[in-house]
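Colleague: Below are the sequence and a predicted model; questions follow.
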Amino acid sequence: MMKNSFDEFIFKYRYYIGAVLVFIILAGTGLVIFGDYIQKEVVRDKKMVAGLKTENEKLRQELSAKASSEVVQSSTQNQGDKININTASLAELDKLPGVGPVRAGDIISYREKNSGFKTIEDIKNIKGIGDVSFEKIKDLITIGN
């Protein structure tokens, strides 16, 4: 029986071929295990980022609320910090809670037609500023000295 050259090649290099096949199997297994590890890390990182985003949003809201209350408190402490509705610009009036640019324009028109406000309660004569709105802004406004 005569062996062909392929059979001779396989027989001669069988240990090398076996070693290469074992290496390929081990390398493939290692890549699969490493891929699973990386995928688990990515999922863990995404969960951590989502948690940090939620925590960041809560902190941002708390700080925003705290800053707003501090602004209101500090503006009510000093008469000089109050907005003089007899002299304030449209931009200054627009900063008042519940007063937008249209209502700020109405305030300016009212004070020009009526020679200014005599009391801060007179601001309730402006369309859209009632008792509820007045309660929000009464500590933030003044008519001057």
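Modeller: Thanks, I have the structure now.
Colleague: helix or strand for the spatially most central residue of the chain, which one?
Modeller: The chain has residue 57 as the residue nearest its centroid, 5.9 Å off, counting by Cα atoms, centre = their mean. Here residue 57 sits within helix 14-77, counting by DSSP states H and E.
Colleague: Looking at the record's assignment, how would you partition this protein?
Modeller: Domain segmentation of the chain under automatic domain parsing yields 5-77, 79-142.
Colleague: Show me which positions of the helix or strand containing residue 132 end up buried.
Modeller: Using DSSP H and E, residue 132 sits in helix 131-137. Of all the residues in helix 131-137, those buried under the rule 16 or more other Cβ atoms under 10 Å are 133, 134, 137. To be clear about C-beta, it is placed using only N, CA and C from the backbone, and glycine gets the same treatment.
Colleague: and that helix, what's its mean pLDDT?
Modeller: Average pLDDT, helix 131-137: 89.
Colleague: Then stretch 58-77?
Modeller: Over the span of stretch 58-77, the pLDDT mean works out to 68.
Colleague: same deal with stretch 15-34?
Modeller: Averaging pLDDT along stretch 15-34 yields 93.
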